[in-house]
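Student: Fold the following, please.
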Amino acid sequence: MPYVTVKMLEGRTDEQKKALIEKVTEAVVETTGASQDKVVVFVEEIDKKLYGVGGKRLID
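Tutor: I've put the predicted structure just below:
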């Protein structure tokens, strides 16, 4: 049973997340031969206040 975790900054719509899950599932099925009903996709959204680059938060 393949498990895939996608970490991304918050701000995408539910439709975008739904499409992402569908496409990631398709890619896993195509490349591994796993059955679609066995592929698990987790979407973890990161709060922009908790993410920094170069010593600065992205929201600053």
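
Student: Where does the prediction get shaky in the protein?
Tutor: For the chain, no stretch is flagged by pLDDT under 70.

Student: If we use 90, what do you get?
Tutor: Filtered on pLDDT under 90, the chain yields the residue ranges 58-60.

Student: Would you map the helices across it?
Tutor: In the chain, the helices defined using DSSP state H lie at 14-32.

Student: measure stretch 28-38 end to end?
Tutor: Its first and final residues considered, stretch 28-38 spans 10 Å by CA to CA, to the nearest Å.

Student: Name the residues that touch it?
Tutor: If you take CB atoms under 8 Å, 6 or more residues apart in numbering as the criterion, stretch 28-38 is touched by Met1, Pro2, Val4, Thr25, Val39. In this view, the C-beta of every residue, glycine as well, is placed from N, C-alpha and C.

Student: which residues touch Ile59?
Tutor: Applying CB under 8 Å, 6+ apart to Ile59 gives the contacts Lys48, Lys49.

Student: Please apply the same query to Pro2.
Tutor: So Pro2 contacts Val28, Thr32, Ala34, Lys38, Val39, Val40 (CB under 8 Å, 6+ apart).

Student: repeat for Asp47
Tutor: Glu10.

Student: which pair in the contacts of stretch 28-38 spans the largest distance?
Tutor: Within the contacts of stretch 28-38, Met1 and Thr25 form the most distant pair, 12.3 Å apart (CB to CB).

Student: hey, what's in contact with both of these two?
Tutor: In terms of CB under 8 Å, 6+ apart, Met1 and Thr25 are both contacted by the residues Val39.

Student: So these two - more neighbours on which side?
Tutor: Thr25 (19 against 8; other CB atoms under 10 Å).

Student: ok, back up a step: which of the contacts of Pro2 count as buried?
Tutor: Among the contacts of Pro2, those classed as buried by 16 or more other CB atoms under 10 Å are Val28, Val39.

Student: returning to what we had before: okay if I get the contacts of stretch 28-38 as TSV plus distance to Lys49?
Tutor: Shown next, in TSV, are the contacts of stretch 28-38 (distance: CB to CB, whole Å):
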residue	distance to Lys49
Met1	34
Pro2	32
Val4	26
Thr25	30
Val39	32
